[in-house]
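Peer 1: missing the sequence, but the structure's below:
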């Protein structure tokens, strides 16, 4: 399954669409403007929430919960590293491999590749191509990719603001 994400520039809150290979909207992702920590709602094309992503507060490093039908299905944490970003995905036992800085990486498990993620260059805003190998993993893989992008964007914003 191929998905494409193009985030809007200059948005006051996170809001973007996830499209299929035909350019049709499959999911919408919308953040809460006034909340403690990041909270994102992923909805299907009928407006039904299918995935909820919430940043866990009071953690030393960024940690997010991914919930489906009100139950936590995965927890994603940024690991403490000096040179290369690394993430732990608890729940489905997945690993992140490749170049996260360049947005060219894979999510893998012991059976192989779960998802391939690559950044589309020469576009306005951030655009990503996602190749999710098994439809049963689509929501959690999409959530993991969104979390990694949120953490990377937050770190870039902090670095650019001089903090």
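Peer 2: In hand now; what should we look at? As the structure is a computational prediction, the values presented were derived from the model and not from experiment.
Peer 1: for the nearest residue to residue 143 once chain neighbours are set aside, list each beta-bridge partner.
Peer 2: Distances taken as Cβ to Cβ, 6 or more residues apart in numbering place residue 66 nearest to residue 143, at 4.2 Å, with adjacent residues excluded. Just so you know, the C-beta spots here come from the backbone N, C-alpha and C atoms, and that holds for glycine as well. Taking DSSP bridges, one obtains residue 53, residue 74 as the residues bridged to residue 66.
Peer 1: please name the nearest non-neighbouring residue to residue 86.
Peer 2: residue 79 (4.1 Å).
Peer 1: tell me, how many residues neighbour the one you found?
Peer 2: As a burial measure, residue 79 scores 11 neighbours (other Cβ atoms under 10 Å).
Peer 1: residues in contact with it?
Peer 2: 61, 85, 86, 87, 88 (Cβ atoms under 8 Å, 6 or more residues apart in numbering).
Peer 1: make it 7 Å
Peer 2: Counting by Cβ atoms under 7 Å, 6 or more residues apart in numbering, residue 79 touches 86, 87, 88.
Peer 1: so for the most centrally placed residue in the chain, what's the pLDDT?
Peer 2: Among the residues of the chain, the one closest to the centroid is residue 146, at 1.1 Å (Cα atoms, centre = their mean). pLDDT recorded at residue 146 is 88.
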